[in-house]
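Visitor: fold the following and give me the result.
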Amino acid sequence: MAASKMRIVFGLLTFVTIGMIIGALFQLAFLRRLEDSYGTEFPLSRRLYQSRNFGNRQLSTGVLPWANDKEAETLRFRYIKPEIISWSPRIILLHNFLSIEECDYLVAIAKPRLQISTVVDTKTGKGIKSDVRTSSGMFLSPEERMYPMVQAIEKRISVYSQVPVENGELIQVLRYEKNQFYRPHHDYFSDTFNLKRGGQRVATVLMYLSDNVEGGETYFPMAGSGECSCGGKIMKGLCVKPLKGDAVLFWSMGLDGQSDPKSIHGGCEVLSGEKWSATKWMRQSATS
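Guide: Numbering: from 1, shown residues only. Next up is the predicted model:
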């Protein structure tokens, strides 16, 4: 009797197991048909998932609805991750804004032509040397602005800042070495000389071009309500750590069209390594 019951139980278990296997096979076949139909509908965008090393971060390049779309490639739709870090002043952190190749490209252009950085004289509007800014830098030339990689970066800046490309100044590349810094300042002009060409500065895009930097944060004293580490010192405000490929987009003018005093910012002291960055200022109207 017991043996008969065991045979019945074993038979039921075998039946259930076979049913589960058949169901799984039907499910796999159904998923495969979905994949095949997706590939037929979007033949240009079907890709196998693979891992791509992006600096120190791992990104997935999977099925992209915009694969082989040059516009989307230029704007890095797959990679850029916007993060709003302050509404007043308006600040957006754009993760992965530049590729590693673009960062290295800008550094390579700038390195042979670095000069001691200057600040704008509020009386004359001209650049003068000052102890408040101890970096070295250079501006890309109008000819270099026509290079395909530079054009791609400028178009990306225009799209995310919502300011036309022609309203942008030439990109400035900067290097901060150990113990160098930039005291808090405003990007908008206080003189009339600089307003003649393109009007007031509306927005700034600050792009980080190097890794392995200790200190060198971008510091916003009037943003946020907490504290942060600025060059190893705890300060009131908001600090953004420089990470290669990331960019900070902030506005020097408020929604009312007036200059925003809260947009004051600075470059914290570099404790070790070299901090490379690129800055793009956007104006109210065309600069040329």
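
Visitor: three-state assignment of the residue lying closest to residue 110 once chain neighbours are set aside?
Guide: Spatially, and ignoring its direct neighbours in sequence, residue 110 is nearest to residue 173 (3.7 Å; C-beta to C-beta, 6 or more residues apart in numbering). Quick note: C-beta positions are derived from backbone N, CA and C, even for glycine. Reduced to three states with DSSP: H, G, I helix; E, B strand; the rest coil, the structure at residue 173 is strand.

Visitor: what is the neighbour count of the closest residue in space to residue 139 that isn't next to it in sequence?
Guide: Among residues not flanking residue 139 along the chain, residue 170 sits closest, at 4.7 Å (C-beta to C-beta, 6+ apart). Neighbour count of residue 170, defined by other C-beta atoms under 10 Å: 18.

Visitor: now do the one 4 residues further on
Guide: By the other C-beta under 10 Å criterion, the neighbourhood of residue 174 contains 22 residues.

Visitor: does it have beta-bridge partners, and which?
Guide: In this entry, residue 174 is beta-bridged to residue 137, residue 277, by DSSP bridges.

Visitor: how much space between it and residue 76?
Guide: Between residue 174 and residue 76 the distance is 22 Å, computed by C-beta to C-beta, to the nearest Å.

Visitor: surely residue 111 is in a helix?
Guide: Yes - counting by three-state DSSP, residue 111 is found in a helix.

Visitor: that older thread, and the residue nearest to residue 139, how far from residue 107?
Guide: Residue 170 sits 16 Å away from residue 107, taking C-beta to C-beta as the criterion.

Visitor: show me what contacts the closest residue to residue 98 other than its chain neighbours?
Guide: The spatial neighbour of residue 98 that comes closest, neighbours along the chain excluded (C-beta to C-beta, 6+ apart), is residue 245 at 4.9 Å. Under the criterion of C-beta atoms under 8 Å, 6 or more residues apart in numbering, the neighbours of residue 245 are 54, 55, 95, 96, 97, 98, 99, 100, 103, 208.

Visitor: do that again at 7 Å, thanks
Guide: 55, 96, 97, 98, 99, 100, 103, 208 (C-beta atoms under 7 Å, 6 or more residues apart in numbering).

Visitor: so it, which state does it fall into?
Guide: coil.

Visitor: what does residue 191 give?
Guide: At residue 191, secondary structure determined by three-state DSSP is coil.

Visitor: phi, psi of it?
Guide: Torsion angles at residue 191 (phi, psi; degrees, to the nearest 10) stand at phi -110, psi 170.

Visitor: ok, now residue 243?
Guide: phi -130, psi 120.

Visitor: count the residues that sit near it.
Guide: Residues lying near residue 243 (other C-beta under 10 Å) number 17.

Visitor: tell me the pLDDT at it?
Guide: Note for residue 243: predicted pLDDT of 98.

Visitor: before we move on, the earlier item: you'd agree the residue nearest to residue 139 is in a strand?
Guide: No - with three-state DSSP as the criterion, residue 170 is assigned coil and is not in a strand.

Visitor: before we move on, the earlier item: OK, contacts around the residue nearest to residue 110?
Guide: For residue 173, the contact set (C-beta under 7 Å, 6+ apart) comprises 106, 110, 137, 138, 278.

Visitor: how about the fourth one, what does it touch?
Guide: Translated: residue 138. Here residue 138 is in contact with 110, 113, 114, 115, 173 (C-beta under 7 Å, 6+ apart).

Visitor: for it, which non-adjacent residue is closest in space?
Guide: When the adjacent residues along the chain are set aside, residue 138 lies closest to residue 113, with 4.5 Å between them (C-beta to C-beta, 6+ apart).

Visitor: relative to residue 95, how far out is residue 74?
Guide: Relative to residue 95, and taking C-beta to C-beta, residue 74 is found at 18 Å.

Visitor: kindly report the same for residue 243.
Guide: Distance, residue 243 to residue 95, by C-beta to C-beta: 8 Å.
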